[in-house]
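S.K.: Compute the structure for the input listed below.
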Amino acid sequence: MKNNNIKLMQGNEAVVEGAIAAGMRFYGGYPITPSTEVAEGSAQKLPRVGGKFIQMEDEIGGMAATIGAALTGVKAMTATSGPGFSLKQENIGYAAMAEIPCVIVNVQRHGPSTGLPTSPSQGDVMQAKWGTHGDHPIIAISPGSVKEAFDLTVRCFNLAEKYRTPVILLMDEIVGHMREGIRIPDASEIEIIDRKKPADNDNDYLAYKVEEGECVPPMAGFGDGHRYHVTGLVHDESGFPVNSNAVADKLCTRLMTKIEDNIDDIVTYEELYMEDAEIVVLAYGGTARSAKSAVKKAREKGLKVGMFRPITIWPFPEKQVKDFAQKAKGIIVAELNYGQLVLEVERVVKGTSDIFHIGKVDGDIITPDEILSKIEEVI
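M.R.: Predicted coordinates:
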């Protein structure tokens, strides 16, 4: 029998609840609007479950502390927004290279620079993928409701642990500060994935040796008895730096393919009225709520319009977008920026369908009527 633990909750609060349910026992960060409630909630609730909270001197320190905690074997998270996300980029790259599982919450706000701190935006989509230097894997997931803020935070931790990689919960201020009633599931209803660890008696343990049939090596926690080296330099199976072209190629290729080879496990999305859609509205995060309303209004007018919502932003759901682009006459990409994910849609579609963009950079939301007007303009 399901519980009736219904709570009126803000998106940022739901992130904290989901993180603790997933097993988060460390938070390191620096408060910044509109993500501050994630830090406040973590400071309040982590001590109750035996976890630790630390406010660092800045966002760089917050990301570094999160990585350090993850290396000791605990599930760790940080949260930020706008300029704080920029400051974390170098250490996100370090976590990707050293394969340190952690979750970074970015509640996007208007920018660039300090922009409009309390206004929504989806301007960090490309930064989430390309913000740190070099070829590296990244997973970014965008919730569209308070319930999803809970559920997808759990999923972020699971993916981080499963693939030993930093995972970004790419929220926007709309969802972060929205309040909705959600049912908090029992622990027994939540799938939890923990990182694979080496056996205590594995005296031949090599920190970066991948067993046959696996895509990531088991990860010992510092203090558990295994000694190993961690570096952002190219390293061999022992973890120590090497200057070998062959090792560099093998390592960097594996970092990418451990994500690319598991796209079907990582990518999730939502479809609405797609069966006969001549026009598809592609939207994500808080903007998808306006898109859904606009599509329903269009259907009431007899227009064959559907909606596709990528929940996983990175890796991008290429296969799904290619499939519906073969049937649709046009795709409208609605997003709170000057045109970011629309570039990815154009790259994938390759001219098989007309692409239109509706964006906004004034700090306000895109309304359902604005999307409906665009639908009626292009159909």
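S.K.: State the distance from residue 326 to residue 262.
M.R.: With the distance defined as Cβ to Cβ, to the nearest Å, residue 326 ends up 25 Å from residue 262. To be clear about C-beta, it is placed using only N, CA and C from the backbone, and glycine gets the same treatment.
S.K.: which of these two has more neighbours?
M.R.: Here residue 326 and residue 262 are compared on neighbour count by other Cβ atoms under 10 Å; more neighbours surround residue 262, at 15 against 9.
S.K.: Please give me every residue in contact with that one.
M.R.: 163, 215 (Cβ atoms under 8 Å, 6 or more residues apart in numbering).
S.K.: Buried residues in stretch 285-304, which are they?
M.R.: For stretch 285-304, burial by neighbour count (16 or more other Cβ atoms under 10 Å) applies to 285-295, 297-298, 303.
S.K.: Would you reformat these as a markdown table and include secondary structure and distance to residue 139?
M.R.: Compiled in a markdown table, the buried residues of stretch 285-304 are given as follows (DSSP: H, G, I helix; E, B strand; the rest coil; distance: Cβ to Cβ, whole Å):
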| residue | secondary structure | distance to residue 139 |
| --- | --- | --- |
| 285 | coil | 16 |
| 286 | coil | 20 |
| 287 | helix | 21 |
| 288 | helix | 19 |
| 289 | helix | 23 |
| 290 | helix | 26 |
| 291 | helix | 23 |
| 292 | helix | 24 |
| 293 | helix | 29 |
| 294 | helix | 29 |
| 295 | helix | 27 |
| 297 | helix | 34 |
| 298 | helix | 32 |
| 303 | coil | 35 |
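S.K.: Tell me the secondary structure at residue 77.
M.R.: Residue 77 carries the three-state label strand when classified by DSSP: H, G, I helix; E, B strand; the rest coil.
S.K.: count of neighbours near it?
M.R.: 32.
S.K.: pLDDT score for it?
M.R.: For residue 77, the pLDDT comes out at 98.
S.K.: What residues sit buried inside the helix or strand of the chain with the lowest mean pLDDT?
M.R.: Scoring the helices and strands of the chain by mean pLDDT, DSSP states H and E places strand 116-120 at the bottom, with a mean of 94. Neighbour counts over strand 116-120 (16+ other Cβ under 10 Å) mark 116-117, 119-120 as buried.
S.K.: ok, residues contacting the helix or strand residue 280 falls within?
M.R.: Element membership for residue 280 (DSSP states H and E) is strand 279-282. Strand 279-282 is contacted by residues 274, 291, 294-295, 298, 303-310, 321, 324, 328-334, 341, 345, 371, 375, 378-379 when judged by Cβ under 8 Å, 6+ apart.
S.K.: Note down every partner strand of that strand and its orientation.
M.R.: With DSSP bridges as the test, strand 279-282 is paired with strand 305-310 (parallel), strand 330-335 (parallel).
S.K.: TSV for those strands, including mean neighbour count, mean pLDDT and distance to residue 154?
M.R.: Compiled in TSV, the strands paired with strand 279-282 are given as follows (neighbours: other Cβ atoms under 10 Å; pLDDT from 0 to 100; distance: least, Cβ to Cβ, whole Å):
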stretch	mean neighbour count	mean pLDDT	distance to residue 154
strand 305-310	26	98	19
strand 330-335	25	98	25
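S.K.: And the ones you listed: which comes nearest residue 19?
M.R.: Minimum separation from residue 19 across the strands paired with strand 279-282 (Cβ to Cβ) falls at strand 305-310, 22.4 Å.
S.K.: Check the offset of that closest one from the chain's centre.
M.R.: 19 Å (Cα atoms, centre = their mean, to the nearest Å).
S.K.: And stretch 107-114, by the same measure?
M.R.: Using Cα atoms, centre = their mean, the offset of stretch 107-114 from its chain centre is 17 Å.
S.K.: Just give the nearest non-adjacent residue to residue 31, would you?
M.R.: residue 39 (4.7 Å; Cβ to Cβ, 6 or more residues apart in numbering).
S.K.: Okay, and the one you found sits in which element?
M.R.: Going by DSSP H and E, residue 39 is part of helix 36-45.
S.K.: returning to what we had before: average model confidence for the strand holding residue 280?
M.R.: According to the model, strand 279-282 has a mean pLDDT of 98.
S.K.: got the CA coordinates for it in CSV?
M.R.: The C-alpha atoms that make up strand 279-282 are tabulated as CSV, following Å, rounded to 0.1, in the frame of the first residue of the first chain:
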residue,chain,number,x,y,z
ILE,A,279,4.4,20.4,-36.2
VAL,A,280,6.4,19.4,-33.2
VAL,A,281,7.2,21.7,-30.3
LEU,A,282,10.4,20.7,-28.6
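S.K.: how about low-confidence regions in the stretch 151-300 of the chain?
M.R.: Across the stretch 151-300 of the chain, nothing is flagged by pLDDT under 70.
S.K.: Show the residue spans covered by the helices in it.
M.R.: 173-177, 245-260, 263-266, 287-300 (DSSP state H, counting those that start in this stretch).
S.K.: other SSEs contacting the last one?
M.R.: Read that as helix 287-300. Helices and strands in packing contact with helix 287-300 are listed as strand 269-272, strand 279-282, strand 305-310, strand 330-335, helix 368-378; criterion 3 or more Cβ pairs under 8 Å, 6 or more residues apart in numbering; DSSP states H and E.
S.K.: Mind doing that once more with 10 Å?
M.R.: Applying 3 or more Cβ pairs under 10 Å, 6 or more residues apart in numbering; DSSP states H and E, one finds that helix 287-300 contacts helix 173-177, strand 269-272, strand 279-282, strand 305-310, strand 330-335, strand 354-359, helix 368-378.
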